[in-house]
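K.L.:
Provided below for reference: sequence and predicted model.
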Amino acid sequence: MIPPTVPVTRRIKRISPLQLGKMLALLYGIIGLLAIPFFLFIASMSSQLPADQRGPLMAMGTGAAFFAPILYGVIGFIIGVIGAVIYNLVARWAGGIEVELE
């Protein structure tokens, strides 16, 4: 027979800014990959426009599809680092987030 587990409360006092930046860069990059079909769809729909308007919109849609994962990843890294630094400052005053583990 397995004895019942006792929940333990732990507190997150500090988050490593670079580690959170890396994690959010990967997560945001994946979100950027998910956005690629939408940008390519917009680029393909521009074929319905007149010839003189078609080129710039197709270029923008294709460029956005290529750069979206990179741009999202960079933004995720920056937000992660800034967010962790702000959390660490606030956690000094407020004591951090309490989590219950089992």
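P.N.:
Great, that's in hand. Residues are numbered from 1 along each chain as shown.

K.L.:
which residues of this protein fall in strands?
P.N.:
8-12, 97-101 (DSSP state E).

K.L.:
Dump those into TSV; add mean pLDDT and distance to L71 as well.
P.N.:
All C-beta spots, glycine's among them, are computed from the backbone N, C-alpha and C. Rendered in TSV, the data for the strands of the chain read as follows (pLDDT from 0 to 100; distance: least, Cβ to Cβ, whole Å):
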stretch	mean pLDDT	distance to L71
strand 8-12	90	29
strand 97-101	90	30
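
K.L.:
Kindly reformat these as JSON lines containing distance to L89 and mean neighbour count.
P.N.:
As requested, these are exported to JSON lines (distance: least, Cβ to Cβ, whole Å; neighbours: other Cβ atoms under 10 Å):
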{"stretch": "strand 8-12", "distance to L89": "14", "mean neighbour count": "10"}
{"stretch": "strand 97-101", "distance to L89": "14", "mean neighbour count": "9"}
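
K.L.:
Save the ones you listed as TSV, and put in distance to Q53 too.
P.N.:
Below are the strands of the chain laid out as TSV (distance: least, Cβ to Cβ, whole Å):
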stretch	distance to Q53
strand 8-12	52
strand 97-101	51
